[in-house]
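Student: 3D model of this:
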Amino acid sequence: MNEMQTLAVVGAGTMGLGIAQLGVQHGLPTVLFDLSPTALEKARTAIAAGLGKLVAKNKLTPEAREAALAHLTLTTALADVHADCIIEAVVERLDVKHKLFQDLAAINSPATILASNTSSLPITQLAAAVPGPERVVGMHFFNPAPVMPLVEVISGVATAPAVAAAVEALARRLGKTPVRAADAPGFIVNRVARHYYVESLKALEENVAPLEVIDELLEASGFKMGPFRLMDLIGVDTNFSVTSAMFASFHQDGKFRPSRIQQQKVDAGHHGRKTGRGFYSYE
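Tutor: Now for the predicted structure:
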């Protein structure tokens, strides 16, 4: 496959805007789509601020920042989303992703790569409902996308080897370290990391210690962020969704059981930093 010349990102949330920033920062004309004009304006502001921080750290010149911003196109019209590679970063619901990829397949070339930033949904299952399933691949970034170096590249059963190779090359172009992962529940990182959250929540449920103490102990053990601070950063709702999906994928294996405490937080709308309140208050 030829080197990608254009990029599109669907979803202007935290992950989507971070991926779009990476695209323009590395010279790729990038379309960022969202149904919400407000979300797009917030994304533009956040991307400009993110690039500004790089200028302040002498990692980017002011001229390069302006050139990067000129590469960014915002749109609320799905018909405008055309690119060599389209990365979706929308809600973790299979039906939503199926519909999105079907619509994108209908308006793009058969050669367009459809990549999912999903952290837990099976790529094989995602691709099964999409015309041309061989061009569907997982490209899982970590939060915050402009900073975290790792990207998981996940091939489903139908994914063409050339597509996975092209996405791996794209990740390297974006300054990331790509790793190939099998299409298994949670892929690599979320499967390994799941117990960091699940066991911490169990300790909280059993009144072993307050959440602040659990965070302090794990940070003192060498982790950069305790599990509850990290869930607030990622999004309590997102984290709960991933755990629930893995619990189902492993046929209700008890070691992946979602937490009732976390579900209450989600039900209450306490989704972490993005809502001003999660396990901690940010209001």
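Student: who touches the residue lying closest to Asn108 once chain neighbours are set aside in this structure?
Tutor: Using CB to CB, 6 or more residues apart in numbering and skipping the chain neighbours, the partner closest in space to Asn108 is His82 (5.8 Å). The C-beta positions use only the backbone N, C-alpha and C, and glycine is treated the same way. Contact analysis of His82 by CB atoms under 8 Å, 6 or more residues apart in numbering lists 6, 8, 31, 107-108, 112.
Student: In a strand, His82, correct?
Tutor: No: per DSSP: H, G, I helix; E, B strand; the rest coil, His82 lies outside any strand segment and is coil.
Student: Would you check how far apart Val192 and Thr124 are?
Tutor: Using CB to CB, to the nearest Å, we find Val192 at a distance of 21 Å from Thr124.
Student: err, His195, not the other one
Tutor: In terms of CB to CB, His195 sits 25 Å off from Thr124.
Student: re earlier: any idea which of the contacts of His82 has the most stuff around it?
Tutor: Counting neighbours by other CB atoms under 10 Å, Ala8 comes out on top of the contacts of His82 with 26 neighbours.
Student: a helix runs through that one, doesn't it?
Tutor: No: assessed with three-state DSSP, Ala8 is strand; it does not lie in a helix.
Student: Setting aside sequence-adjacent positions, which residue approaches it most closely?
Tutor: Closest to Ala8 by CB to CB, 6+ apart is Ala83, at 3.7 Å.
Student: Look up phi and psi at that neighbour.
Tutor: phi -170, psi 170 (degrees, to the nearest 10).
Student: For it, give me its contacts.
Tutor: When contacts are taken as CB under 8 Å, 6+ apart, Ala83 is in contact with 4, 6-8, 30-31, 108, 112.
Student: Just give me the least confident of those.
Tutor: Lowest in pLDDT among these is Met4, which has 92.
Student: Can you tell me the closest non-neighbouring residue to that residue?
Tutor: Distances taken as CB to CB, 6+ apart place Asp84 nearest to Met4, at 4.1 Å, with adjacent residues excluded.
Student: I figured the one you found hits Pro29, correct?
Tutor: No: between Asp84 and Pro29 there is no contact under CB atoms under 8 Å: 10.0 Å.
Student: which stretches of the chain form helices?
Tutor: 14-25, 37-56, 62-70, 94-107, 123-128, 161-173, 189-205, 211-220, 227-234, 236-249, 260-267 (DSSP state H).
Student: Kindly provide the distance from Ser244 to Thr30.
Tutor: Distance, Ser244 to Thr30, by CB to CB: 32 Å.
Student: ok, the two, which is more surrounded?
Tutor: Each of Ser244 and Thr30 has its neighbours counted (other CB under 10 Å); Thr30 has more, 25 against 18.
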